[in-house]
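In: Let me see the structure of the following:
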Amino acid sequence: MGADLSGDLRVNRLGCAYIVDGGASAVGLLWPQGFSARWAGTKVTIEDGSGTVVARSGSQVSLSGGYRSEIPDSTVACAEPSWGWYEVNVVLP
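Out: Okay, here's the model as predicted:
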């Protein structure tokens with residue numbers, strides 16, 4: 001079942017994107033295939049598969065997707081002990 005998530009997009013020291021929701025809980029983000037991150041100094045932009053910027057670190061974002069109970073092997077290095085995980089399907093306008 002899908003659930004929307006909104007909050008402040010941040011990137012940790014390992015370069016892993018997460019969102020801080022209204023309750024100040026950090027949630028690690030799993031982006032759809034084809035999405036990428038582009039660094040400019042300490043700021044990051046998230047681009048979709050066509051190169052369109054869909055999110056920027058330090059900005060409020062709204063996402064549609066769903067929570068995951070397991071951390072995918074590809075993101076184990078990003079794992080913070082207190083994070084939940086959210087699989088993004090769509091970045092909402």
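
In: Could I get the contacting residues of Val20?
Out: Val20 makes contacts with Gly7, Asp8, Arg10, Ala26, Val27, as judged by C-beta atoms under 8 Å, 6 or more residues apart in numbering. To be clear about C-beta, it is placed using only N, CA and C from the backbone, and glycine gets the same treatment.

In: Isn't the fourth one up against Ser82?
Out: Yes - in this structure, Ala26 sits in contact with Ser82. The criterion is C-beta atoms under 8 Å, and the distance is 6.4 Å.

In: Have a look at those two and say which one is more surrounded.
Out: Neighbours per residue, other C-beta atoms under 10 Å: of Ala26 and Ser82, the larger number sits with Ala26, 16 against 9.

In: Tell me what that one is bridged to.
Out: For Ala26, the beta-bridge partners are Val20 (DSSP bridges).

In: ditto for Trp39
Out: Bridge pairing for Trp39 - DSSP bridges - gives Val44.

In: same deal with Val11?
Out: For Val11, the beta-bridge partners are Ala17 (DSSP bridges).

In: thinking it is in contact with Ser57, fair?
Out: Yes - between Val11 and Ser57 there is a contact at 5.0 Å, judged by C-beta under 8 Å.

In: Leaving out the residues flanking it, which one is nearest to the spatially most central residue of the chain?
Out: Geometric centre of the chain, nearest residue: Leu29, 3.2 Å, by C-alpha atoms, centre = their mean. Closest residue in space to Leu29, ignoring its immediate chain neighbours: Ala17 at 4.7 Å, by C-beta to C-beta, 6 or more residues apart in numbering.

In: what's the burial count for that neighbour?
Out: Ala17 has 22 neighbours, counted by other C-beta under 10 Å.

In: go on, Gly41?
Out: With neighbours defined by other C-beta under 10 Å, the count for Gly41 comes to 5.
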